[in-house]
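Chemist: Using only what follows, build the 3D model:
(one chain, ligands or ions: 1)
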Amino acid sequence: MPEPGAAAQFDVVVVGAGIAGASLALALSGQGLAIALVEARPLAPPPLPAPLEVAAFDPRVSALTPRSRQLLDSLGAWRGIEDYRHCAYRHMTVWDAQGTGRIDFDRDEVDAPALGYIVENRAIVAALLDRVAGAADIHCHGEATLAACRREGVRTRVELADGRCLSAQLVVAADGALSTLRDLLEFRTREWDYGHRAIVASIETARGHRHTAWQRFLPSGPLALLPLPGAGERFCSIVWSIDEELADDLLGLDDAEFCRELARASEACLGAVLACSPRRHFPLRQRHAVDYVQAGAALVGDAAHTIHPLAGQGINLGLQDVAVLAEEILAGARRDVSPGQLELLRRYQRRRKGENLLMMGAMDGFKRLFEQDALPLRWLRNNGMRGVDRLPLLKHQLMRHAMGIG
Ligand SMILES: Cc1cc2nc3c(=O)[nH]c(=O)nc-3n(C[C@H](O)[C@H](O)[C@H](O)COP(=O)(O)OP(=O)(O)OC[C@H]3O[C@@H](n4cnc5c(N)ncnc54)[C@H](O)[C@@H]3O)c2cc1C
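Modeler: Next up, the predicted model:
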């Protein structure tokens, strides 16, 4: 035990044990590094309810790309997800509420077993924390809040509210969109409101989802119906992004009215909506850190960037941050280079920032394109979607990119 006030020494301290932070700790484990994982909540895997019914699904789900699945598999966490539950989607249908534009994607077009996987967020976190619990070189600090963080020579010192101190060559902020560590280290961000709120819930529908992810672009925002596991393929998770001023109206409806409104907004693509879980909602804000790194510190996942959920790419980008940062740290360790060295960290930034910016720009462009009612833009949407649908090579490229395999 270190003296009171003295800091426990680590190579890497990861702050935040969500999907990004827990994945990073695991990706670095077993390589001779001393790792600490600091999390505000308890670090025990969250309980996973067994029943397949609307109220028992986690309303927060992620559409994971095959590439993200591969990463979780390499960390030993995919097994836990498979043992619990998930739903592979093999087909995707996207259409425009204001015209005839429609595009269909199918796994056969890219010769893959699935386009992606809908997984409840708590199932991903539980599978990761289960692996963390078995890793002797990850020192867990659960229910710990940050009090201070500062550079001390070539190391970074983290002070927790309960008086514990940690010192590391590298401190990684994986503490989410409102990252405290990012603020303590004075990283700057650029941010703006999308003017949308995302309403999420689990629903039961009259018709089966056929392992298809459905997305309808309404002028007030996109509505996604994502397939969940369960008998008759009747359960879906919804992400309904909608103008701020309309969100309160939807949230104020009783369940029966909300189900009717949802069936109408989705053009009853799955028939009537029979039941829905309590709704949760999140303000949507685009946020991007100007720099992802400084000497002795790095940002990953939502601490570095938040993005509109319309293409379900947020944590997929975060997991790619994790893979690249771990790769650079481990390559550095083989050459005896400190994980906190600025040059090493800049390589991580160079490899990730461009791709993240590209995806953020594309999401912003989509959102703007579909919310406009002007005739030329409607024409562009209708013809653009039909055109892409008829160009197999371009479509193939788009699909591979969205699946993280392009
Ligand atoms: C409605 C909606 C739908 C989405 N759908 C998708 C999708 O389909 N696919 C996809 O890829 N992405 C999706 N996303 C984005 C995805 O949810 C996020 O990108 C992802 O959860 C971010 O993970 P993270 O680990 O970076 O951060 P978080 O999940 O926010 O985890 C941060 C962790 O840090 C902890 N923490 C916070 N502050 C502190 C502190 N001071 N000290 C210690 N610990 C702290 C928290 O308790 C938490 O455990 C969606 C987002 C929204 C809002």
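
Chemist: make it CA atoms for all contacts and neighbour counts henceforth
Modeler: Fine.

Chemist: Now do the buried residues in the helix or strand harbouring residue 13.
Modeler: Using DSSP states H and E, residue 13 sits in strand 8-15. For strand 8-15, a neighbour-count test (16 or more other Cα atoms under 10 Å) marks 8-15 as buried.

Chemist: For the helix or strand following that strand, C-alpha coordinates in CSV please.
Modeler: Toward the C-terminus, strand 8-15 is succeeded by helix 19-28 as the next helix or strand (DSSP H and E). Taking C-alpha atoms only, helix 19-28 is exported to CSV below (Å, rounded to 0.1, in the frame of the first residue of the first chain):
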residue,chain,number,x,y,z
ILE,A,19,-17.6,0.3,-23.7
ALA,A,20,-14.5,2.3,-24.8
GLY,A,21,-12.6,2.4,-21.4
ALA,A,22,-13.2,-1.2,-20.5
SER,A,23,-12.2,-2.3,-24.0
LEU,A,24,-9.0,-0.3,-23.8
ALA,A,25,-8.0,-1.8,-20.4
LEU,A,26,-8.5,-5.3,-21.9
ALA,A,27,-6.7,-4.5,-25.1
LEU,A,28,-3.6,-3.5,-23.0
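
Chemist: which residues sit against helix 19-28?
Modeler: 14-16, 35-37, 72, 75, 124-125, 128-129, 131-132, 135, 138, 173-175, 300-301, 315, 318-319, 322-323, 326, 330 (Cα atoms under 8 Å, 6 or more residues apart in numbering).

Chemist: picking that back up, next, the residues that contact the strand holding residue 13 from outside, please.
Modeler: 1-2, 21, 24-25, 33-39, 165-175, 181, 339.

Chemist: Keep only those residues that also lie close to the ligand.
Modeler: Counting by Cα under 6 Å from any ligand atom, 21, 38-39, 174-175 from the contacts of strand 8-15 sit close to the ligand.

Chemist: does the longest strand anywhere in the chain come close to the ligand?
Modeler: Secondary structure of the chain per DSSP state E: the longest strand is strand 189-205. Yes. Judged by Cα under 6 Å from any ligand atom, strand 189-205 and the ligand are in contact via residue 198.

Chemist: got any ranges where the stretch 151-300 of the chain has weak pLDDT?
Modeler: The stretch 151-300 of the chain contains no residues with pLDDT under 70.

Chemist: Tell me which stretches of it form strands.
Modeler: Using DSSP state E, counting those that start in this stretch, the strands found in the stretch 151-300 of the chain span residues 155-160, 165-173, 189-205, 212-218, 221-227, 235-243, 273-276, 280-289, 293-294, 297-299.

Chemist: Let me know how buried the closest residue to residue 29 other than its chain neighbours is, in neighbour terms.
Modeler: Distance criterion Cα to Cα, 6 or more residues apart in numbering; nearest residue to residue 29, sequence neighbours excluded, is residue 137 at 6.4 Å. Neighbourhood size, residue 137 [other Cα atoms under 10 Å]: 19.

Chemist: All further residue positions should be reported with the first residue as 53.
Modeler: Sure, I'll start numbering at 53, so the last one becomes residue 189.

Chemist: so what's residue 189 scoring on pLDDT?
Modeler: Residue 189 is assigned a pLDDT of 97 by the prediction.

Chemist: Report the contact partners of it.
Modeler: Neighbouring residues of residue 189 by Cα under 8 Å, 6+ apart: 81-82, 85-87.

Chemist: quick one: which of those residues has the most company?
Modeler: When neighbours are counted by other Cα under 10 Å, residue 87 leads the contacts of residue 189 with 26 neighbours.

Chemist: quick one: that one and residue 191 touch, right?
Modeler: Yes. If you go by Cα atoms under 8 Å, residue 87 and residue 191 touch, sitting 6.1 Å apart.

Chemist: List the beta-bridge partners for the closest residue to residue 335 other than its chain neighbours.
Modeler: Spatial nearest neighbour of residue 335, excluding adjacent residues (Cα to Cα, 6+ apart): residue 249 at 4.4 Å. Bridge pairing for residue 249 (DSSP bridges) gives the partners residue 294, residue 335.
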